[in-house]
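Undergrad: no FASTA, just this:
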């Protein structure tokens, strides 16, 4: 039966061993990763198996596979380790210049290519030892944002996807349509008929992963003929070039997209709802001085992008 011993009676070092075992799926490789002897890690695995009353790793031929429980534990273990690191990385007297903190930010490649890279440059000026880790979000991250953001520092995402956590607006962007520069039927302007008659490349297309422009097209009654779905705004122009396809990206990327030979950007033939980009975080970070500094960096980056858009 599952051991529900109080936390004070648990050996939290086993969490590190569990993470290595679940990641490496090998006692030998996990021991090498942790710079431990194989017998020492085997002893940890035995304790974990007793605690969970589960084998966790099962040999299949020459390889090991995770049990269903071990698979479920994988994400929880990463989250727990990250939370533990945050506790012990906290400092009573914190200054940006001396900080070595790593901030974990979820987002899309669009967010990283715009506000993310600006924020990282700004941070390096006053906090040269601070590190950012930008991880691409997934539908699971967005759906479970309230829990995921307990152990991560933020999620860069426009309004319309989540509303259960704190946020600060960063800057507003608009949409552009991109097409091949030699498209046989599209000239210098677009019509709604152009959008209906040509195939599309969409960036996201699921219950929690979508763009406001895609939703707006549906509300306008456009039954887009989607040929390709790619979960990357930066990669989208490569699926447009040399085809009759249409795609929609943010204006701040449209100039970059236009730099790809053979692709051009046009204004939508409808009043596209602007993109209000924001940084979202869990209230547990609200009074964290380091986190407040990080939020300020992103706010400054957002103001810089807003000025560039207005210029």
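TA: That came in fine, so what should we check first? If you're wondering where the values come from, they're calculated on a predicted model, not measured in any experiment.
Undergrad: quick one: contacts for residue 237?
TA: Applying Cβ atoms under 8 Å, 6 or more residues apart in numbering to residue 237 gives the contacts 178, 247, 249, 257, 260, 263. C-betas here are computed from N, CA, C, even on glycine.
Undergrad: How much space separates it from residue 230?
TA: 10 Å (Cβ to Cβ, to the nearest Å).
Undergrad: Same question for residue 299.
TA: Distance, residue 299 to residue 230, using Cβ to Cβ: 31 Å.
Undergrad: Could you find the closest non-adjacent residue to residue 55?
TA: Once flanking residues are discounted, residue 55 sits nearest to residue 67: 5.6 Å by Cβ to Cβ, 6 or more residues apart in numbering.
Undergrad: That neighbour against residue 58, yeah?
TA: Yes: with contact defined as Cβ atoms under 8 Å, residue 67 reaches residue 58; the gap is 6.0 Å.
Undergrad: Of the two, which one has the most company?
TA: More crowded of residue 67 and residue 58, by other Cβ atoms under 10 Å: residue 67, with 15 against 12.
Undergrad: And the strands in the chain, which stretches?
TA: Along the chain, the stretches classed as strands by DSSP state E are 57-60, 63-66, 102-107, 131-136, 154-158, 166-173, 175-180, 199-202, 225-229, 246-250, 263-266, 275-281.
Undergrad: In JSON lines: the ones you listed, plus distance to residue 212.
TA: Below are the strands of the chain laid out as JSON lines (distance: least, Cβ to Cβ, whole Å):
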{"stretch": "strand 57-60", "distance to residue 212": "44"}
{"stretch": "strand 63-66", "distance to residue 212": "38"}
{"stretch": "strand 102-107", "distance to residue 212": "16"}
{"stretch": "strand 131-136", "distance to residue 212": "19"}
{"stretch": "strand 154-158", "distance to residue 212": "7"}
{"stretch": "strand 166-173", "distance to residue 212": "10"}
{"stretch": "strand 175-180", "distance to residue 212": "8"}
{"stretch": "strand 199-202", "distance to residue 212": "13"}
{"stretch": "strand 225-229", "distance to residue 212": "17"}
{"stretch": "strand 246-250", "distance to residue 212": "10"}
{"stretch": "strand 263-266", "distance to residue 212": "18"}
{"stretch": "strand 275-281", "distance to residue 212": "6"}
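Undergrad: out of those strands, nearest to residue 211?
TA: Proximity to residue 211, assessed across those by Cβ to Cβ, is greatest for strand 246-250 (6.8 Å).
Undergrad: Quick check, pLDDT for the residue of the chain most remote from its centre.
TA: Here the centre of the chain is the reference, and by Cα atoms, centre = their mean the most remote residue is residue 39, at 37.6 Å. pLDDT recorded at residue 39 is 90.
Undergrad: same check, this time on residue 170
TA: Reading off the model, residue 170 has pLDDT 97.
Undergrad: if I look at it, how far off is residue 299?
TA: Separation of residue 170 from residue 299 (Cβ to Cβ) stands at 7 Å.
Undergrad: Give the burial count for residue 116, as a bare number.
TA: 20.
Undergrad: who's in contact with it?
TA: By Cβ under 8 Å, 6+ apart, residue 116 lies in contact with 105, 107, 132, 134, 156.
Undergrad: on that earlier part again, among residue 170 and residue 299, which residue is more densely surrounded?
TA: Taking other Cβ under 10 Å, residue 170 and residue 299 do not tie; residue 170 has more neighbours (27 against 17).
Undergrad: ok, the more buried one to residue 275 distance?
TA: Distance check for residue 170 against residue 275: by Cβ to Cβ, it reads 11 Å.
Undergrad: hang on, residue 239 packs against residue 229?
TA: No: the criterion here is Cβ under 8 Å, and residue 239 misses it with residue 229 at 9.6 Å.
Undergrad: neighbour-wise, which of the two wins?
TA: residue 239 (19 against 14).
Undergrad: May I have the predicted confidence score for that one?
TA: Predicted confidence (pLDDT) for residue 239: 96.
Undergrad: Look up the closest residue to it, ignoring the ones flanking it.
TA: Residue 239's closest residue in space is residue 201 (Cβ to Cβ, 6+ apart), at 4.5 Å.
Undergrad: OK, contacts around the one you found?
TA: Going by Cβ under 8 Å, 6+ apart, the list of residues near residue 201 reads 226-230, 236, 239-240, 245-247.
Undergrad: what do you get if the cut-off is 6 Å, keeping everything else the same?
TA: Residues counted as contacts of residue 201 (Cβ atoms under 6 Å, 6 or more residues apart in numbering) are 228, 236, 239, 245, 247.
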